[in-house]
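Sharing a model prediction with you, sequence too.
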Amino acid sequence: MEKMTMWIYAQATTGKARLPRACIFFAASLLLAGLGCVAANDKPADVLAASGTEKMDAGLQMEIHRQRAEQPDREIAVLLRTRKEINAAERTLLESKGVKIGSVLGDIATARIPANAIADIAALEFVVFIEIAKRQQLR
């Protein structure tokens, strides 16, 4: 309250309107925060295809983002979950996109997929979910 009174007094005595520094800093911080929010939502379209991200776990999405910048053709070990066991036509389609299928057990398969092809694989209708492979220890 006292600063506002001083601002009004300064305006009345000098004839010049000056904003207190606190108001300037507050306005600047709001502007920068708003710009930060806009920048956070401004992602390149090719980072992750919007149609497939809901089929990927968070760890896989982070790894894809990291590999796209460093080595886009590097393979990432994953677990694929499909609607049913992979048939020959689906296997051929996956392999044509660079997928190297390992073990298959029912609707779950292990695979190695190039980082730049995972979004395309996730967009396939028969793929339910893709999860990054994790190291496990036997107890």
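Thanks, I have the structure now.

only C-alpha atoms for contact and neighbour calcs from this point on.
Will do.

For burial, what's the neighbour tally of the closest residue to Ile101 other than its chain neighbours?
Across the structure, with CA to CA, 6 or more residues apart in numbering as the measure, the residue nearest Ile101 apart from its sequence neighbours is Ala111 (4.3 Å). Counted with other CA atoms under 10 Å, the neighbours of Ala111 add up to 21.

cool, Ala69 as well?
Other residues near Ala69 come to 9 when the count uses other CA under 10 Å.

A helix includes it, no?
Yes - according to DSSP: H, G, I helix; E, B strand; the rest coil, Ala69 belongs to a helix.

tell me the pLDDT at it?
Residue-level confidence at Ala69 comes out at 79, pLDDT.

check contacts around it.
Ala69 is in contact with no residue at all, counting by CA atoms under 8 Å, 6 or more residues apart in numbering.

separation between the residue nearest to Ile101 and Leu93?
Look at Ala111 and Leu93: by CA to CA, to the nearest Å, they are 14 Å apart.

go on, Ala123?
Spatial separation of Ala123 from Leu93 under the definition CA to CA is 13 Å.

Same question for Val78.
According to CA to CA, Val78 and Leu93 sit 17 Å apart.

more crowded one of those two?
Legend: neighbour count by other CA under 10 Å for Val78 and Leu93, higher for Val78 (20 against 13).

Got the phi and psi for Ala111?
Torsion angles at Ala111 (phi, psi; degrees, to the nearest 10) stand at phi -160, psi 160.
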